[in-house]
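fold the stuff below for me.
(chains A, B, C and D)
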Protein chains: 2
Amino acid sequence: MLRDSHPNKSITIHDVAKAADVSKSTVSLVLQGSPLIRDETAERVREAARKLGYVYNRRAAELRRQASNTVGVVINDLMNPFFAEVLVGIERRLVDAGYIVLMAHTHESLDRQRKVLASMREQNAAGLIICPAFDTPRTLTKEVQAWGIPLVVMVRSLGAGSYDYAGSDNERGVLLAMRHLLARGHKRIGFLGGRSGVVYEQRLRGYAGALEEAGIRLDERLIIASDPSRQGGSDAMAAMLRIKLKITAAVCYNDITAFGALATLGEHGLRAGTDFALIGFDNVLAAAHSNPPLTTVDIRPDDLGEHAAAALMARIENPQLKRQVYLAEPRLVLRQSG
Amino acid sequence: MLRDSHPNKSITIHDVAKAADVSKSTVSLVLQGSPLIRDETAERVREAARKLGYVYNRRAAELRRQASNTVGVVINDLMNPFFAEVLVGIERRLVDAGYIVLMAHTHESLDRQRKVLASMREQNAAGLIICPAFDTPRTLTKEVQAWGIPLVVMVRSLGAGSYDYAGSDNERGVLLAMRHLLARGHKRIGFLGGRSGVVYEQRLRGYAGALEEAGIRLDERLIIASDPSRQGGSDAMAAMLRIKLKITAAVCYNDITAFGALATLGEHGLRAGTDFALIGFDNVLAAAHSNPPLTTVDIRPDDLGEHAAAALMARIENPQLKRQVYLAEPRLVLRQSG
DNA sequence: CTGAAAGCGCTTACAG
DNA sequence: CTGAAAGCGCTTACAG
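Just a heads-up that it's a prediction; the model follows:
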């Protein structure tokens, strides 16, 4: 069987050199497209390489050059389409620039996060993009920087510090959503889902700010915490309906909690947009096709990923760069739910 | 700034050896936990390594050992949560076994697929898991095998051949869904969404088979093709409602097309489960929380990913293994939509 | 324009 | 139990 023979595993520039009757150096130079080599020689070398089925061993080259073209990206919740879309953006930008991505999923496990980070370090990653798991110690950024590896933190800020960051203006996003609801005459507006973490706090701040702006006193009972998941959103909406506080609208922690809320509304014979106004956050692809389509705060997830990647590459290019921060400017997308 | 000094980049076993006053060989042996080294010496070496902040350079080791602990996985549609879940399963299994994953996204682009595959080859991947982009030539498996790289194809079969494969019994899945609908008395059942590809053909075969089993003539007009996306499902459902053929139920190409269909139904004031019976395929996480919750064919996406990973590792261990095929056994999950 | 030599950070026979 | 030497597949001064 072909796969047993590993036919090309043993073919190196040395073999190509012999075949083309030149030195290893010449082969290497040709491979790098160096203008130092005469066209005729170069062609002969390329021909030999082709004929032998030579495969460049990039890792060997990188070892020698003390370089790396792999970037590690660690995601903690790929089941949330938001992160899948961010990842797509990151990957696209990185691959276009000639990098290749080492991807790891932590499932919010600090332990796993620690392990994959160490692993990526051993793999000599040129840089790291990480959305930290919940409860990640803030010292993480300093730690990674001490490793000498360029880092960009995304989505979940890790507090003050001199690390690069790509996220969104969460406070303003919720503020926009709230203003919209307020302008439509809603008085009793809930904040649905989510429970903790910086993102949660920032979004909640937007909620509080909008209320204050409108001169409405914040009623703690209208803030219904839950897991930041579909199930959580579903449960939170059930709780909201149960407490009967004449809530007529809600902004959700994120789109997936909103989807869960939509499901619960449906089970109660209610429809967002007519019986209740519901707004999500993120604008994942699915938001345009939920039932009903979700009004939400758009922070362009894939674009966010691209910015994270761009920041990392800039940092790799120039470690001296001053702190880079990308904050997606939120934009309210009106659809049918609210 | 710390990141500029790359403090550990230069520390090698050579430095550790000097510090511990032993040879490089000894350090290497200690790092590998060899029993050949006296405890006392080993401890001294470990201490020195710790003190110096030594980081193992796995790639150098792999170059020397002609080994690799990275596995490439190429996905073509990460925006479909099905693939995100499959990827999670793959990653989990692989990382648990000590591998690290190189991940690439092709967006159904053959060109990109070719590039990332070549890139993974240069990176000396120990194996490859790929869900081929649409229209991938069937020769791909032979090509990759000729590279000497263990391969498992997932989800989209590439025809007959001696490659390892992880997918699902699509025909039977749809058959189960159809039988359920038929048993509920539906006569005019549509097949919604999707357009081409093996998976499409297999699922359609299940549709046709069930009809035949029930003695119902297949009416081509009830097969409404579309993009295999939410938008496609939405459009397909709109078309289905337009043609007024008294269709009372449908099975969808997959869950995301079903989600789109749900949205269209909602826009028409209809609700799946009462006004129309709708069944999806895949059972992505979101299916449990759509509005209404989606009855669907469960093929346990993350489990499928784990099986793909397991098959690859088995192949890496033993290239002589006979062909491995994992076909997820579909199971109908009854929820509210149908 | 091209070749010989050294070296990237490891491991692995081979001695002793 | 430990060390000296060779080598994995490359690149890069340095000669010529």
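
dump the residue contacts of whichever residue of the stretch 151-300 of chain A sits closest to DNA strand C.
Closest to DNA strand C within the stretch 151-300 of chain A is A:L151: 20.9 Å, counting by Cβ to the nearest atom of the strand. C-betas here are computed from N, CA, C, even on glycine. A:L151 makes contact with A:127-130, A:141, A:144-145, A:163-164, A:312, A:315, B:3, according to Cβ atoms under 8 Å, 6 or more residues apart in numbering or on different chains.

quick one: pLDDT of A:R3?
What the model reports as pLDDT for A:R3 is 32.

list the residues that contact the residue most central in space within chain A.
Residue closest to the average C-alpha location in chain A (Cα atoms, centre = their mean): A:V86, at 3.7 Å. A:V86 is in contact with A:75, A:131, A:154-155, A:301-302, A:304-305, A:308, counting by Cβ under 8 Å, 6+ apart.

and those residues, which of them are in strands?
Those of these mapping onto strands are A:75, A:154, per DSSP state E.

B:V30: which of the contacts of A:V86 is nearest?
Nearest to B:V30 among the contacts of A:V86: A:I75, at 34.5 Å, using Cβ to Cβ.

out of the contacts of A:V86, who's nearest A:Q231?
A:Q231 has its nearest neighbour among these in A:I75, at 20.0 Å by Cβ to Cβ.

residues near the residue of the stretch 101-250 of chain A found nearest DNA strand D, how many?
With Cβ to the nearest atom of the strand, the shortest gap between the stretch 101-250 of chain A and DNA strand D falls at A:N124, namely 12.7 Å. Other residues lying near A:N124 total 21 when counted by other Cβ atoms under 10 Å in any protein chain shown.

ignoring the adjacent residues along the chain, who's closest to it?
A:S68 (4.8 Å; Cβ to Cβ, 6 or more residues apart in numbering or on different chains).

confidence score at that neighbour?
Per-residue pLDDT puts A:S68 at 95.

try A:L278
pLDDT recorded at A:L278 is 98.

surely it meets A:P292?
No: taking contacts as Cβ atoms under 8 Å, A:L278 lies outside contact range of A:P292: 9.0 Å.

which of the two has more neighbours?
Between A:L278 and A:P292, counted using other Cβ under 10 Å, A:L278 has the larger neighbour count: 31 against 23.

tell me if the more buried one really is in a strand.
Yes: using DSSP: H, G, I helix; E, B strand; the rest coil, the assignment for A:L278 is a strand.

list the contacts of it.
Residues in contact with A:L278 (Cβ under 8 Å, 6+ apart) are A:192, A:249-252, A:258, A:261-262, A:265, A:272, A:294-295, A:337-338.

again, 6 Å this time
With contact taken as Cβ atoms under 6 Å, 6 or more residues apart in numbering or on different chains, A:L278 is in contact with A:250, A:258, A:261, A:272, A:337-338.

could you chop chain A up by domain?
A:2-56, A:69-168+A:301-329, A:170-300 (automatic domain parsing).

follow-up on the earlier one: tell me the secondary structure at the residue nearest to A:N124.
coil.

and the residue of the stretch 151-300 of chain A closest to DNA strand C, how close does it get to A:E213?
Applying Cβ to Cβ, to the nearest Å, the value for A:L151 to A:E213 is 36 Å.

can you check A:Q123 too?
In this view, A:Q123 and A:E213 are 49 Å apart by Cβ to Cβ.

with neighbour numbers in mind, choose between these two.
Taking neighbours as other Cβ under 10 Å, A:Q123 and A:E213 compare with A:Q123 leading, 21 against 12.

quick one, what contacts the more buried one?
B:R58.

same deal with the one 10 residues further on?
With contact taken as Cβ under 6 Å, 6+ apart, A:A133 is in contact with A:76, A:106, A:108, A:110, A:113.

secondary structure element holding it?
Under DSSP states H and E, no helix or strand contains A:A133.

how near is it to A:K115?
Between A:A133 and A:K115 the distance is 12 Å, computed by Cβ to Cβ.

what number of residues lie near the residue lying closest to A:A60 once chain neighbours are set aside?
Excluding its sequence neighbours, the residue lying closest to A:A60 (Cβ to Cβ, 6+ apart) is B:L63, at 5.5 Å. Using other Cβ under 10 Å, the number of residues around B:L63 comes to 18.

okay, how far is it across stretch A:131-140, tip to tip?
End-to-end span of stretch A:131-140 (Cα to Cα, to the nearest Å): 11 Å.

in contact with A:G232, which residues?
A:193, A:226, A:257.

who's in contact with A:M313?
Applying Cβ under 6 Å, 6+ apart, the residues near A:M313 are A:A97.

can you tell me the SS state at it?
Going by three-state DSSP: A:M313 is helix.

over to A:I129?
strand.

ok, for it, nearest residue in space, not its chain neighbours?
Nearest non-adjacent residue to A:I129 (Cβ to Cβ, 6+ apart): A:V73, at 4.5 Å.

tell me which element the one you found falls in.
Secondary structure from DSSP H and E places A:V73 in strand A:70-75.

and the contacts of stretch A:173-183?
So stretch A:173-183 is contacted by A:189, A:203, A:206-207, A:209-210, A:214, A:249, A:251, A:277, A:279, A:297, A:330, A:332 (Cβ under 6 Å, 6+ apart).

of these, select the buried ones using a PyMOL command.
The PyMOL selection below is limited to those of these classed as buried (16 or more other Cβ atoms under 10 Å in any protein chain shown):
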select buried, chain A and resi 189+203+206+207+209+210+249+251+277+279+297+330+332
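
which of the contacts of stretch A:173-183 fall in helices?
Mapping these onto helices (DSSP state H) picks out A:203, A:206-207, A:209-210.

pLDDT below threshold where in the stretch 51-200 of chain A?
For the stretch 51-200 of chain A, no stretch is flagged by pLDDT under 70.

now the strands for chain A?
Applying DSSP E to chain A gives strands spanning A:70-75, A:100-105, A:127-130, A:151-154, A:164-168, A:189-192, A:223-224, A:249-252, A:277-282, A:295-298, A:325-328, A:331-333.

any chance of these in TSV, with distance to A:R44 too?
Below are these laid out as TSV (distance: least, Cβ to Cβ, whole Å):
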stretch	distance to A:R44
strand A:70-75	32
strand A:100-105	30
strand A:127-130	38
strand A:151-154	45
strand A:164-168	46
strand A:189-192	69
strand A:223-224	73
strand A:249-252	65
strand A:277-282	56
strand A:295-298	56
strand A:325-328	49
strand A:331-333	58
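
near DNA strand D, which residues of chain A are found?
Residues of chain A lying near DNA strand D by Cβ under 7 Å from any atom of the strand: A:9-10, A:12-14, A:24-25, A:28-29, A:31-32, A:54-57, A:60-61, A:63-65.
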